[in-house]
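Colleague: structure of the sequence below:
(one chain, ligands or ions: 1)
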Amino acid sequence: MVIGAGFGGIASALRLRAKGYDVTIIDQCPMLGGRAQQFEKDGFVYDAGPTVVTAPFLFDELFELFDKNLTDYFQLVPVEPWYRFVYPDGSEFDYGGTVEDTIEEIGKFSEHDKEGYKALLKQSEAIFDVGFTQLADAPFHEVCTMLKQVPALLRLKCYRNVWQMVCHFLRNDKLRQAFSIQPLLVGGNPFSTTSIYSLIHFLERKWGVHFAMGGTGSIVKGLHKLMLEEGIKIHLNTKVTGLNVDNNKVKQIIAGEQVFDCDTVVSNVDPKHLYRKLVPQQSQTLSAKVKTKYSKLSMGLFVLYFGTNKQYDNVVHHTIWLGKRYQSLLDDIFEKKILADDFSLYLHRPTATDPSMAPEGCDSFYVLSPVPNNLSGINWEDQKEQYAMKIIKALESSIMPELSKHLVHHFAKTPDDFETDYASVEGSGFSISPTFAQSAWFRYHNKAEGPENLYLCGAGTHPGAGMPGVLCSAKVVDRLIPVATLANTVNKDE
Ligand SMILES: Cc1cc2nc3c(=O)[nH]c(=O)nc-3n(C[C@H](O)[C@H](O)[C@H](O)COP(=O)(O)OP(=O)(O)OC[C@H]3O[C@@H](n4cnc5c(N)ncnc54)[C@H](O)[C@@H]3O)c2cc1C
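Modeller: Here you go, the predicted model:
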């Protein structure tokens with residue numbers, strides 16, 4: 001039984017099916033994909049969440065498990081530039097292409113930082129070799145695994161935060177911002193996220209940045225088809241309300257009136273929610289209780305989806321629109337938990353790569369603003385429309401002239417929606433944040449700190465959030481669960 005059909009849950013279901021298990025996957029949502037749902041409105045197609053595909057081989061692997069090819073299910077195409085950074089003074093930095101392309105762009109801002117970038121990339125590669133290649137799909141539930149890694153992590157100075165590491169190599173403030181925002185992609189404040197996460201630089205460099213034609217929703221559709229072909233049973237609109245544990249094993253999954261018997265369970269649910277609401281307290285270890293009580297959550301997200309009746313050809317596929325404040329804005333979001341008047345934004349224009357995602361001559365967009373999670377007490381019902389209009393005005397007065405005149409429709413997701421739609425504790429965008437004290441062995445383990453037949457995947461578990469992270473968490477689960485025995489095997493034709 002797999003509870004939750006985000007990418008972590010789907011990948012776990014496929015991996016266990018390939019091991020011979022009779023697999024059922026359950027989700028409370030009406031669609032598969034978790035945060036990667038897709039909406040359609042008036043002919044405009046919107047991905048709700050993830051859009052930047054890095055490490056595409058992790059998707060390939062899921063098809064290869066069954067001797068199939070990803071390209072028969074959906075198409076991934078490279079995006080160029082990977083991101084355009086737009087600064088308050090109107091200057092732009094295009095990041096992507098070859099190392100030489102990036103160095104040339106860096107030269108627009110700082111001659112000195114050309115060499116600094118090469119050194120930054122080298123350090124990022126060294127961290128990648130340990131943090132991704134060796135550890136991302138390695139089980140981390142035993143303290144000795146962590147202890148073995150301590151010398152390497154110290155050598156790589158992973159006690160520094162991402163901002164400190166970037167400042168060590170780069171002098172220009174605009175470039176420092178561009179090269180330190182990566183933790184925000186996985187829910188972390190660059191000023192408190194361990195520099196392990198600067199491996200993302202090298203990850204992007206190694207495999208590039210891709211987009212799925214038709215949007216991330218087409219990846220979900222492709223995986224849905226694969227699951228059906230392989231005989232995985234899917235129950236949507238089914239909310240799990242509890243687990244029956246007996247003799248330290250989960251025996252049944254309760255979903256309202258429905259009861260599912262089980263012998264092995266993988267949870268793709270936010271682990272804070274899992275341990276707070278689903279696993280009986282007496283069946284949890286002290287470590288699970290401590291993590292659930294004290295772990296810090298990532299920020300929330302305000303995502304505004306909108307269509308325009310014209311095309312903004314000057315807007316590239318991925319834009320990072322930076323506001324005037326950086327550290328103090330992040331402080332407002334992560335520490336003070338106040339909704340500031342200003343913001344920095346990520347703007348997604350999928351129609352730059354796939355025009356079929358909007359009616360002819362139109363564009364579909366989403367713009368994402370990191371905001372405090374729901375520990376803030378912000379009343380989103382009151383704030384939502386006002387905040388949306390502020391964002392529209394800011395885009396209109398910078399890179400999208402006359403935007404309000406060309407808006408066809410708009411709608412938004414706030415941290416409240418994340419809480420109700422995905423059982424995301426306090427509406428956080430990425431489960432618990434990726435600080436050093438919440439990474440690797442310190443993060444929620446992939447083998448439950450509780451019932452012995454319960455395993456965990458997804459953003460709140462090792463190695464962490466983001467599509468590559470949760471796909472790797474499913475690989476860890478795969479390594480922890482033995483090959484099926486006769487008792488839990490079924491012929492897929494049955
Ligand atoms: C707006 C946004 C943009 C992002 N952009 C990117 C990006 O560009 N690139 C990238 O790599 N990552 C990105 N991410 C991060 C990435 O999307 C997530 O980290 C990842 O998809 C989370 O996958 P997951 O396996 O943890 O499951 P989730 O997507 O969190 O899904 C978990 C599922 O479990 C279900 N569930 C919870 N409780 C229950 C219950 N009791 N019963 C039944 N079902 C339950 C939920 O409803 C949900 O469907 C983005 C995230 C967001 C929100």
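Colleague: up against the ligand, what does this structure have?
Modeller: By C-beta under 6 Å from any ligand atom, the residues of the chain that approach the ligand are 3-9, 26-29, 34-36, 49-52, 239-240, 268-269, 273, 301, 303, 368, 422-423, 429-430, 458-459, 465-467, 470. For the C-beta atoms, the positions are set from N, CA and C on the backbone; glycine is no exception.
Colleague: residues of stretch 367-385 that come out buried?
Modeller: Going by neighbour count (16 or more other C-beta atoms under 10 Å), the buried part of stretch 367-385 is 367-374, 376, 378, 380, 384.
Colleague: what's the end-to-end length of it?
Modeller: For stretch 367-385, the first-to-last residue distance is 14 Å (C-alpha to C-alpha, to the nearest Å).
Colleague: picking up where we left off before, going by distance to the ligand, which of the buried residues of stretch 367-385 wins?
Modeller: Distances from the ligand to those, taken as C-beta to the nearest ligand atom, are shortest for residue 368 (5.3 Å).
Colleague: let me see the contact set for that closest one.
Modeller: 301-304, 345-348 (C-beta atoms under 8 Å, 6 or more residues apart in numbering).
Colleague: by mean pLDDT, point me to the weakest helix or strand of this structure.
Modeller: Between all helices and strands in the chain, the lowest mean by mean pLDDT, DSSP states H and E belongs to helix 143-155, at a mean of 85.
Colleague: pull the distance from that helix to the chain's centre.
Modeller: Computed by C-alpha atoms, centre = their mean, to the nearest Å, the chain-centroid distance of helix 143-155 equals 25 Å.
Colleague: what's in contact with it?
Modeller: With C-beta under 8 Å, 6+ apart, helix 143-155 has contacts from 130, 135, 138-140, 159, 196, 440-442.
Colleague: could you do stretch 419-430 as well?
Modeller: Residues contacting stretch 419-430 (C-beta under 8 Å, 6+ apart): 6, 28-29, 34-35, 186-187, 269-270, 272-273, 276, 297-301, 370, 373-375, 413-418, 431, 459, 465-466.
Colleague: any weak-confidence spans in the stretch 1-150 of the chain?
Modeller: For the stretch 1-150 of the chain, no stretch has pLDDT under 70.
Colleague: can you pull out the helices in it?
Modeller: Applying DSSP state H, counting those that start in this stretch to the stretch 1-150 of the chain gives helices spanning 7-18, 57-64, 99-107, 112-128, 143-155.
Colleague: ok, and which of those helices has the densest surroundings?
Modeller: helix 7-18 (a mean of 28; mean count of other C-beta atoms under 10 Å).
Colleague: for that helix, the distance to its chain's centre please.
Modeller: 17 Å.
Colleague: then stretch 136-147?
Modeller: Centre to centre, stretch against its chain (C-alpha atoms, centre = their mean), the figure for stretch 136-147 is 22 Å.
Colleague: the stretch 201-350 of the chain: strands as residue ranges?
Modeller: Assigned by DSSP state E, counting those that start in this stretch, the stretch 201-350 of the chain shows strands spanning 210-212, 233-235, 242-246, 249-255, 258-261, 265-267, 300-308, 318-321, 345-348.
Colleague: now the closest residue to residue 311 other than its chain neighbours: phi and psi?
Modeller: Excluding its sequence neighbours, the residue lying closest to residue 311 (C-beta to C-beta, 6 or more residues apart in numbering) is residue 363, at 5.1 Å. For residue 363, the backbone dihedrals are phi -130, psi 150 (criterion: degrees, to the nearest 10).
Colleague: ok so, going back, for residue 225, which of the helices of the stretch 1-150 of the chain is the nearest?
Modeller: helix 57-64 (10.5 Å; C-beta to C-beta).
Colleague: tell me what the closest one is packed against?
Modeller: helix 7-18, helix 216-229, helix 467-480 (3 or more C-beta pairs under 8 Å, 6 or more residues apart in numbering; DSSP states H and E).
Colleague: TSV please, covering the ones you listed and showing distance to residue 72.
Modeller: Shown next, in TSV, are the helices and strands packed on helix 57-64 (distance: least, C-beta to C-beta, whole Å):
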stretch	distance to residue 72
helix 7-18	15
helix 216-229	9
helix 467-480	19
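Colleague: looking at these, which is buried most?
Modeller: helix 7-18 (a mean of 28).
Colleague: what's the angle between that one and helix 216-229?
Modeller: Here helix 7-18 points in a direction 20 degrees away from that of helix 216-229 (axes from the mean of the first three to the mean of the last three C-alpha atoms, to 10 degrees).
Colleague: what angle separates helix 7-18 from helix 467-480?
Modeller: Going by the same axes, to 10 degrees, helix 7-18 makes 30 degrees with helix 467-480.
Colleague: and helix 7-18, C-alpha only, in CSV?
Modeller: What follows is helix 7-18 as a C-alpha-only set of coordinates in CSV (Å, rounded to 0.1, in the frame of the first residue of the first chain):
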residue,chain,number,x,y,z
PHE,A,7,6.1,11.8,-7.4
GLY,A,8,7.7,10.1,-4.4
GLY,A,9,4.6,7.8,-3.9
ILE,A,10,4.3,7.1,-7.6
ALA,A,11,8.0,6.2,-8.0
SER,A,12,7.8,4.0,-4.9
ALA,A,13,4.7,2.2,-6.2
LEU,A,14,6.4,1.5,-9.5
ARG,A,15,9.6,0.3,-7.9
LEU,A,16,7.7,-2.0,-5.6
ARG,A,17,5.7,-3.3,-8.5
ALA,A,18,8.9,-4.1,-10.3
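Colleague: any idea how far residue 96 lies from the ligand?
Modeller: Separation of residue 96 from the ligand (C-beta to the nearest ligand atom, to the nearest Å): 15 Å.
Colleague: against residue 395, how distant is that residue?
Modeller: Separation of residue 96 from residue 395 (C-beta to C-beta, to the nearest Å) stands at 22 Å.
Colleague: please apply the same query to residue 255.
Modeller: From residue 255 over to residue 395 (counting by C-beta to C-beta), the distance is 42 Å.
Colleague: those two: who's more crowded?
Modeller: residue 395 (23 against 18; other C-beta atoms under 10 Å).
Colleague: contacting residues for that one?
Modeller: The contact partners of residue 395, by C-beta under 8 Å, 6+ apart, come to 321, 345, 347, 367, 403.
Colleague: can you get me a residue count around the third one?
Modeller: Other residues within reach of residue 347, judged by other C-beta under 10 Å, total 23.
Colleague: contacting residues for it?
Modeller: Contacts of residue 347 by C-beta under 8 Å, 6+ apart are 315, 318-321, 365-368, 395, 399.
Colleague: what is the nearest of the residues you listed to residue 234?
Modeller: residue 366 (26.6 Å).
Colleague: ok, then the element right after the strand or helix carrying the closest one?
Modeller: Residue 366 is part of strand 363-371 when elements are defined by DSSP states H and E. Per DSSP H and E, strand 363-371 leads on to helix 380-396 as the next helix or strand towards the C-terminus.
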